[in-house]
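Novice: Just a sequence and a predicted model for now, questions to come.
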Amino acid sequence: MNGWLLARILRAPGDAAALDAAGWTALIAIARAEQMIGTLAWRLEGTPMPPAVARILADARASAEHGRTLALWEAEAARRALASLGIPVVLLKGTAFVAAGLMAGQGRSIGDLDILVPRASLQAVERALLTNGWEWVKPDAYDDAYYRRWMHELPPLVHRERDRMIDVHHTILPLTARITPDAAGLLAEAVPLRAGEKGGLAMLSRTDVIVHAAAHLFADGELAGGLRNLWDVHCLVEEFGVVGLIERAEHHGLGDAVGRALRLAAALYGDGATLSPGDRLCLHRVTARDGWGRATRPVTRLGFYIRSHWLRMPPAMLARHLWIKWRKQGAA
Amino acid sequence: MYSAAPADTLRIVPLDAFTAIYHRASGITHLVASPVPEILAALGPDGMTLPALTARLVERYDLLDADGAALRARLDELVAAGLARIA
Amino acid sequence: MRHVFSVRVGPVGFRVGSHWRTPIRQLATLYADYPRPENGVPDFTVRLFAHRPWRRVIRPAVMIGGDFMIPDAAPLPLAQGLLAAEMAMNLQMALGQRRYLLLHASAVERDGRVLLMTGESGSGKSTLAALLSRAGWRLMGDEFALIDPATGLAHAFPRLVSLKNEAIAAVEAAAPGARFGPLLEGTPKGAIRHLVPDAAAVATMDMPGRPALLLFPRFGFAPDIRAVAPGEVLMRLTQASTNYVAMGERGFTALTGLVRSVPARAIDYPDTDRALAQVAALWDAL
């Protein structure tokens, strides 16, 4: 039992009919651990299953539906707070998927609100949010300076009444990464979520949204949550196709990442792909989960942790970062 | 001009001095006291101006102390919560 | 995981996996009369594990995990492994339950009507429920009451009753024939001993009941009974529910339905005899 079980059922929901009690139990534990139980529930709706499973998945659908409501309201609150600035506000990730009614958003669990704004407007955005009920999560000098200097976002803010986080990005990779996507291009090509609405919310173009999902997977996410991110990629490709995608990815310097994401998504959820040894290692890593929902293969995990930081930071800075993080953990 | 959130987005359950309101758009429960339910009922989805609202509250609910500044503060809270909007 | 135990408590199935045999054996003994999860598929998975491989044997410390986890939960010594399992099952309910509105309350039933008692730890709701269950009431649960938003009915969740400190001796004296778990000394909440619900409570656990009275007991005060207005009840019950917000509109339906249909009283009591008399008087006056 591992992550392939979940991938197989998402790819071919009909296969679930052959599961026995142990199979269903493992599938549910894995889907919960990958934060994909809502996606699974949506995918299996209407297929035959034992009553106990049907109840669990009905709960998961209701839960995802409520999560969708909260995510859309949070986006609306941000829209109202930022409306007077007259800048483009682009929804990213899960909130964008549900706002646009995409397949990738069906049943998806959504955490923080992620938005993309022009870098020149960061301070104005910060001020507007602070005067509309958001506040800093933690006033920690090091993390704060680190975020502002090197990350691609403001330090996270949380709304004091609704207790929901917002991450304000000005590009889709940290500035420390050696790859620098065309942030102005992301904003310029963004499409309004409601046609013709001025000053409303937008989402990335149909190619950029896939480029972002791939960049998120390899550079930002340490491959954690890989099954879910690759499901996003799979669904986006299903709906938007790949016309012009590789060219656009190369424009952002992310051709390799997007190419790999497409192969991995096809191997897990689609018609398969020709895989390189590196691809196989990635698949090994994203499916590392046992029937109890536990992460397995810790050696592969550590390798990826160092690798992902290596991609993001020059070595001297990496050493400094890990040292400060380590000292802070020791002091706590 | 102020208007209440669309009626199908609100579930209003009077309890005693308090009224529970579930706001479907935000998923948030509000426990409110008079004159908030009266304000929402008076505004309706079509909305009205502040002076008109004051007059309506006095006439229909006998809220004689409905002064403009206090009412505006309540309305601003309702707008911030999403229960009312500035039309 | 090497050692596994599965059980159904009321409408909720659990699977508990453990690195150690002892907690699983204790669960199997204490929950011996309970059924297995329906269709063999549990609602929740619980894991008891060692933080580092060698901590299975050297000063073994039980970490709590499962479908739903809180980061940085402190481990418990292996001698308290049963408590760890019970806490882990509670955690799954508190964080993951989405079918029923969960009230942090004990529940007992008589003639199909349910008495709910809610309060902080130390209010005596577990002790009162245990004592009432020895006096003609059916024990439905001492930790969580499950309210079905569709029907407004309370569903039983008769887990082991967790007795703390002075309550242990009080219930042992009142229920000489009852079965108990091991006495766990020096837990984060003092001494704890688990009481096995009586056979009738287990046999009838699939039978829901209509909530009829809601009490907010407070132990250690001069006797007093006062009515609690619906608005205040709603506010206090949202605090006493771990999943009210996550339930969305169904939570609102369940809670406003309960608040509008069931009378609520705050009762202060200096000793359990007095509390039982107060309960009897309020129940007879319904």
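Specialist: Cool, got the structure.
Novice: hey, let's count contacts and neighbours off CA atoms from now on
Specialist: Fine.
Novice: what helix or strand is A:Leu186 on?
Specialist: Taking DSSP states H and E as the definition, A:Leu186 sits inside helix A:183-189.
Novice: what comes into contact with that helix?
Specialist: A:88, A:90, A:116-118, A:170-172, A:204-205, A:208 (Cα atoms under 8 Å, 6 or more residues apart in numbering or on different chains).
Novice: From A:Thr287, how far out is A:Ala295?
Specialist: Computed as Cα to Cα, to the nearest Å, the A:Ala295 to A:Thr287 distance reads 9 Å.
Novice: Comparing those two, which residue is more hemmed in?
Specialist: In terms of neighbours (other Cα atoms under 10 Å in any protein chain shown), A:Thr287 is the more surrounded of A:Ala295 and A:Thr287; the figures are 24 against 19.
Novice: The residue in chain B positioned nearest to chain A: how many residues sit nearby?
Specialist: Here the residue of chain B nearest chain A is B:Ser26; by Cα to the nearest Cα that distance is 5.2 Å. B:Ser26 has 23 neighbours, counted by other Cα under 10 Å.
Novice: Give me the phi and psi for it.
Specialist: For B:Ser26, the backbone dihedrals (degrees, to the nearest 10) come out as phi -110, psi -10.
Novice: go on, A:Pro155?
Specialist: According to degrees, to the nearest 10, A:Pro155 has phi -60, psi 140.
Novice: Quick check, A:Leu57 in contact with A:Met36.
Specialist: No - judged on Cα atoms under 8 Å, A:Leu57 makes no contact with A:Met36 at a distance of 11.1 Å.
Novice: contacting residues for residue 43?
Specialist: Picked chain A for this. By Cα under 8 Å, 6+ apart, the residues touching A:Arg43 are A:10, A:13.
Novice: look at chain B instead
Specialist: Here B:Leu43 is in contact with B:2-4, B:53 (Cα under 8 Å, 6+ apart).
Novice: What about A:Leu5, how many residues nearby?
Specialist: A:Leu5, neighbours per other Cα under 10 Å, totals 22.
Novice: If you could redo that for A:Leu262, that was the one I meant.
Specialist: By other Cα under 10 Å, 21 other residues sit near A:Leu262.
Novice: Report whether it is found in a strand, as I expect.
Specialist: No - counting by DSSP: H, G, I helix; E, B strand; the rest coil, A:Leu262 is not part of a strand but helix.
Novice: So it sits against A:Cys235, correct?
Specialist: No - using Cα under 8 Å, A:Leu262 makes no contact with A:Cys235, being 10.9 Å away.
Novice: isn't A:Pro156 right up against A:His169?
Specialist: No - using Cα under 8 Å, A:Pro156 is not in contact with A:His169, being 10.0 Å away.
Novice: between those two, who's got more neighbours?
Specialist: Per other Cα under 10 Å, whichever of A:Pro156 and A:His169 has more neighbours is A:His169, with 24 against 19.
Novice: on that earlier part again, ok now do the residue of chain B closest to chain A, which residues does it touch?
Specialist: Shown in contact with B:Ser26 (Cα under 8 Å, 6+ apart): A:69-70, A:73-74, B:82.
Novice: cool, C:Trp283 as well?
Specialist: C:Trp283 is in contact with C:Leu213, counting by Cα under 8 Å, 6+ apart.
Novice: 7 Å - rerun?
Specialist: C:Trp283 makes contact with no residue, according to Cα atoms under 7 Å, 6 or more residues apart in numbering or on different chains.
Novice: what secondary structure does it sit in?
Specialist: helix.
Novice: Check it and give its pLDDT.
Specialist: C:Trp283 is assigned 97 on the pLDDT scale.
Novice: anything in stretch A:83-102 near chain B?
Specialist: No - using Cα under 7 Å from any Cα of the partner chain, stretch A:83-102 stays clear of chain B, coming no nearer than 13.2 Å.
Novice: so how far does that stretch reach from one end to the other?
Specialist: Its start and end residues considered, stretch A:83-102 measures 25 Å (Cα to Cα).
Novice: which outside residues touch that stretch?
Specialist: Against stretch A:83-102 from outside (Cα under 7 Å, 6+ apart): A:68, A:71-72, A:104-105, A:108, A:110, A:113-117, A:193, A:199, A:201-204.
Novice: how about that stretch: buried residues?
Specialist: Within stretch A:83-102, the residues scored as buried using 16 or more other Cα atoms under 10 Å in any protein chain shown are A:83, A:87-100, A:102.
Novice: And for stretch B:48-55?
Specialist: Using 16+ other Cα under 10 Å as the test for burial, stretch B:48-55 gives B:48, B:50, B:53-54.
Novice: Now tabulate the residues you listed in JSON lines and tack on secondary structure, pLDDT and distance to B:Asp76.
Specialist: Formatted as JSON lines, these follow (DSSP: H, G, I helix; E, B strand; the rest coil; pLDDT from 0 to 100; distance: Cα to Cα, whole Å):
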{"residue": "B:Met48", "secondary structure": "strand", "pLDDT": "91", "distance to B:Asp76": "14"}
{"residue": "B:Leu50", "secondary structure": "helix", "pLDDT": "89", "distance to B:Asp76": "12"}
{"residue": "B:Leu53", "secondary structure": "helix", "pLDDT": "89", "distance to B:Asp76": "14"}
{"residue": "B:Thr54", "secondary structure": "helix", "pLDDT": "87", "distance to B:Asp76": "15"}
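Novice: Report the next helix or strand after the helix or strand harbouring C:Ile192 in sequence order.
Specialist: In this assignment (DSSP H and E), C:Ile192 forms part of strand C:190-195. Downstream of strand C:190-195, the next assigned helix or strand under DSSP H and E is helix C:199-203.
Novice: Can you name the next helix or strand after that next one?
Specialist: Along the chain past helix C:199-203, the next helix or strand (assigned with DSSP H and E) turns out to be strand C:210-219.
Novice: Show me which residues of that following strand are buried.
Specialist: Quick answer for strand C:210-219 (16+ other Cα under 10 Å): C:210-219.
Novice: Repeat that for stretch A:251-267.
Specialist: Residues of stretch A:251-267 classed as buried: A:252-255, A:257-267 (neighbour count, 16+ other Cα under 10 Å).
Novice: and which of those is nearest chain B?
Specialist: Proximity of the buried residues of stretch A:251-267 to chain B (Cα to the nearest Cα) peaks at A:Ala265, which lies at 33.7 Å.
Novice: quick one: that closest one and chain C, what's the gap?
Specialist: 25 Å (Cα to the nearest Cα, to the nearest Å).
Novice: mind listing what that residue touches?
Specialist: A:Ala265 neighbours (Cα under 7 Å, 6+ apart): A:230-231, A:233-234.
Novice: Tell me where the stretch 101-250 of chain A is predicted with low confidence.
Specialist: Where the stretch 101-250 of chain A drops to pLDDT under 70, the residues are A:139-152, A:175-177, A:196-198, A:219-222, A:224.
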